[in-house]
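Undergrad: Here is a sequence with its predicted model. Questions after.
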Amino acid sequence: MRTYLNDGWQFFKQWSDDVFGEGVGENVRIPHSVATAPFNCFDESIYQGVSGYKRNLHLAGGAGSTYLLTFEGVAHRAEVFVNGVNAALHECGYTAFTVDLTPHVHEGDNELVVKVDSRETLNQPPFGFVIDYQTYGGIYRDVYLEEKRGVYVADAFVKALPSKPIDVDVRLGNFTAPTELTLNISDENGVQYTSTHTCNGAEFSLLANADLELWSIDNPKLYKLSLTVGKDVYQTSFGVRSAVFTKDGFYLNGEKVKIVGLDRHQSYPYVGYAMPESMQREDARILKNKLCLNAVRTSHYPQSHYFMDECDKLGLLVFTEIPGWQFIGDEHWKEVAKRNVCEMVEQYRNHPSVILWGVRINESLDNDELYTETNAIAHRLDPTRQTGGVRYLRHSSLLEDVYTFNDFNRDGATNRKEVCPSNVPYLISEYNGHMYPTKSYDDMPHRLEHTMRYIRMLDGVFGAESTCGAFGWCMFDYHTNSDFGSGDRICYHGVLDMFRNPKNAAGVFSALGKEPFLDVTFSAELGDYPEAFIDGTYCLTNCDTVRYYKAGAFIKEYTHADSPFKNIPNPPILLDNIQSGWGSEANEILLEGYIDGKLVATKKIGSLFSYTLDVTPTHTTLHENNSYDVAEVHITARDQFGNVCPYINKAVKLSCKGAIKLIGPDVVALQGGMFGTYVKTVGRKGKGVLRVDDIEIEFKVK
Ligand code: GAL
């Protein structure tokens, strides 16, 4: 059982030896960031430093216990001191590590101190050159303790492929003599399979001839594997599926699937990487349910297991990779990179959502010596999955299984023949991004071009039979370093803004989904267009037919067959004759979307006469469980038709009372008619109220 140690920490912004012993720091809870930033325009040096965390650890157990302390994520170099003794060093901000405390602790009170180095001068990935993202700092994922009495399961890798017995590689801790082990496979209906085994050594494999349902995008069936040995019960969830990249495309359980995904950083406004479980899961839900994607690339590092668990649960395919950005360092640096491959594969290989390991430093040059090794490590630790490695180079040396290429082409997908041989699997790992940064408040022609670039690329990708799919850059706007971005420390590359509000381009993806969706790529305001000419009058929809009315009069009925795009599913429909001239009434446009003859969606656009604030939280029941909880609150100005008003920059006052508090400032200004805030629990249960101007939202903390 895990005992979470997220509470009770003291934080020392500046490391010194006074952290040990009597020194008193600021009381903080994990996830924690070494600095909080404004929304934009800050100096990244606020994150660069060496800081300290300290906590008392009271142990009741007597002799014979093994104490394992796990840090899920400490950015970026962590030294752990137990009662003053240096017990561990970990040099990666994106993978977990476990410290065996046993030799260093005693019954009663023990002092845990963590020295955290978050300077970009560290000799470890991703550091050494420039990096196009803020790397933040702090103990930003969960910390927990496990007490083991006697033999225990240290690790179990579940290899679960269709039509094969489940093959479990087990590693025991504290193995001294042959012992019995019970294996159970269960689902929501109870135990589905059970077997017992005798363990004759610390490492062995077990076969389970269980007849299980497959895990897939539409039916992400998960099972729980339990291994009981001595007093220890080990549990992991898993799914049965095959994921194969071929020169002809990608196959999940033997069925061809076009991968449609986005790249995701793990950052948030104000707090950087430090967001708890609910927010991690929310991002996976946005990708799957709102953007209707089937895949995500965790660029450029392994991400929270909460995020990954939700991908498992929702049926979202994941391409994950080792940390790094364009740069390869010295021998020490490379050793750390290889260790990162081990940690990534060993820590994430039971997630059925993971379909590909990225074993190269993102966009680095060829380095056959290093990448032969990283590739071999991944294959040795996981013979069930293929490898890739993200590059911008054409025809670079392919040591991995899949040619994963960043295709920054403004006119759509590059012909793959120009990139790699035709007899290897080909996957596009990024497109768009810096080629066309777009703010939610850019003018309509700019936002249109952003949208069109996604359409053109996806149309090309769907048209290229053998291309496995493509990940767009990227899910949401993100903080970056001074060398990149718009000069305000933000890369406006997202299809969502930093608060996960949709920009117009998000509609390209939503239109691929099953929930009725209807939006347009233009506005009714002639004056927002050069020469007052409304251009790019597309309708993004998954409805079968769209009926178009102008100034109250029916004009025409369209189907997708009318689209100029021939490959993308539910292709955008070009509405003709939108242009009419001055006069607001003439420009009032109504679209009705029908599926199977039933009206399922409408969209009306026209001149703005009034607007209201729409305040929508992700959830209003928060939980004080293993740590604090957070809800994301979307604040949107909508006109009388319900459309976002992209040029409303209104200032909004925020305040909280009761069992919640704000993350970030208490006055914010809308950008592109949208903004957001976060509310956070404060360690007690009860009611909390968020006020946004005169709108009150009630939260319950349980
Ligand atoms: C790529 C890089 C990403 C991001 C993107 C912006 O070259 O891999 O991290 O910087 O460009 O388009």
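TA: Looks like it came in fine. Note that the structure is predicted; figures quoted are calculated from it, not measured.

Undergrad: list the contacts for the residue nearest to the spatial centre of the chain?
TA: For the chain, Arg264 is the residue whose C-alpha lies nearest the centre (Cα atoms, centre = their mean; 4.7 Å). For Arg264, the contacting residues are Asp283, Leu287, Val296, Arg297, Thr298, Ser299, Gln303, Cys474, Met475, Phe476, by Cβ atoms under 8 Å, 6 or more residues apart in numbering. Placement of C-beta: from N, CA and C, glycine included.

Undergrad: Tell me the secondary structure of the second one, please.
TA: Right, the one you point to is Leu287. The three-state assignment at Leu287 reads helix, by DSSP: H, G, I helix; E, B strand; the rest coil.

Undergrad: which residues does it contact?
TA: Taking Cβ under 8 Å, 6+ apart, one finds Gly261, Leu262, Arg264, Leu293, Val296, Leu316, Met475 in contact with Leu287.

Undergrad: how about those in JSON lines, adding distance to the ligand?
TA: Listed next are those as JSON lines, based on distance: Cβ to the nearest ligand atom, whole Å:
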{"residue": "Gly261", "distance to the ligand": "14"}
{"residue": "Leu262", "distance to the ligand": "12"}
{"residue": "Arg264", "distance to the ligand": "11"}
{"residue": "Leu293", "distance to the ligand": "18"}
{"residue": "Val296", "distance to the ligand": "15"}
{"residue": "Leu316", "distance to the ligand": "20"}
{"residue": "Met475", "distance to the ligand": "12"}
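
Undergrad: Show me the beta-bridge partners of the nearest residue to Val153 once chain neighbours are set aside.
TA: The shortest distance from Val153 to any non-neighbouring residue, by Cβ to Cβ, 6 or more residues apart in numbering, is to Tyr234 (3.5 Å). Going by DSSP bridges, Tyr234 is paired in beta bridges with Leu227.

Undergrad: isn't Tyr234 right up against Val158?
TA: No: using Cβ atoms under 8 Å, Tyr234 is not in contact with Val158; the gap is 11.0 Å.

Undergrad: These two: which has the busier surroundings?
TA: Val158 (23 against 17; other Cβ atoms under 10 Å).

Undergrad: show me what contacts Phe11?
TA: Going by Cβ under 8 Å, 6+ apart, Phe11 touches Gly25, Glu26, Asn27, Val28, His32, Val34, Ser51, Gly52, Tyr53.

Undergrad: Could you measure from the closest residue to Phe484 other than its chain neighbours over to the ligand?
TA: Nearest residue to Phe484, sequence neighbours excluded (Cβ to Cβ, 6+ apart): Asp132, at 4.3 Å. For Asp132, the distance to the ligand equals 4 Å [Cβ to the nearest ligand atom, to the nearest Å].

Undergrad: same check, this time on Ser51
TA: Ser51 is 26 Å from the ligand, by Cβ to the nearest ligand atom.

Undergrad: Point out where the stretch 501-650 of the chain drops to low pLDDT.
TA: Confidence mapping of the stretch 501-650 of the chain against pLDDT under 70 gives the ranges 580-586.

Undergrad: residue ranges of the helices in it, please?
TA: Counting by DSSP state H, counting those that start in this stretch, the stretch 501-650 of the chain has helices at residues 506-510.

Undergrad: Which part of it gets nearest to the ligand, residue-wise?
TA: Ala505 (14.0 Å; Cβ to the nearest ligand atom).

Undergrad: Hmm, His493 and that residue touching each other?
TA: No: applying Cβ under 8 Å, one finds Ala505 not in contact with His493, separated by 10.5 Å.

Undergrad: Now for those two: what residues contact both?
TA: Thr438.

Undergrad: Tell me both backbone torsions, phi and psi, for whichever residue of the stretch 301-450 of the chain sits closest to the ligand.
TA: Scanning the stretch 301-450 of the chain for the residue nearest the ligand gives Gly433, at 2.2 Å (criterion: Cβ to the nearest ligand atom). As for Gly433, its main-chain torsions (degrees, to the nearest 10) stand at phi 50, psi -120.

Undergrad: what's the burial count for it?
TA: A total of 19 residues lie near Gly433 under the criterion other Cβ under 10 Å.

Undergrad: can you pull the contacts of it?
TA: Applying Cβ under 8 Å, 6+ apart, we find Gly433 in contact with Phe408, Gly472, Trp473, Cys474, Cys491, His493.

Undergrad: same thing but 10 Å
TA: Asp132, Asp263, Asn406, Phe408, Arg453, Gly472, Trp473, Cys474, Cys491, Tyr492, His493, Gly494 (Cβ atoms under 10 Å, 6 or more residues apart in numbering).

Undergrad: How about Tyr234?
TA: Tyr234 makes contacts with Tyr152, Val153, Ala154, Asp155, Ala156, Val170, Leu172, Leu181, Leu225, Ser226, Leu227, Thr228, as judged by Cβ under 10 Å, 6+ apart.

Undergrad: Show me which of those is closest to the ligand.
TA: Among the contacts of Tyr234, Asp155 lies closest to the ligand (Cβ to the nearest ligand atom), at 31.6 Å.

Undergrad: give me the element that closest one is part of.
TA: strand 152-159 (DSSP states H and E).

Undergrad: which non-adjacent residue is nearest Gln266?
TA: That would be Gln303: by Cβ to Cβ, 6+ apart, it lies 4.9 Å from Gln266.

Undergrad: Quick one: mean pLDDT for the helix or strand harbouring Trp357?
TA: Assigned by DSSP H and E, Trp357 belongs to strand 354-358. For strand 354-358, mean pLDDT is 98.
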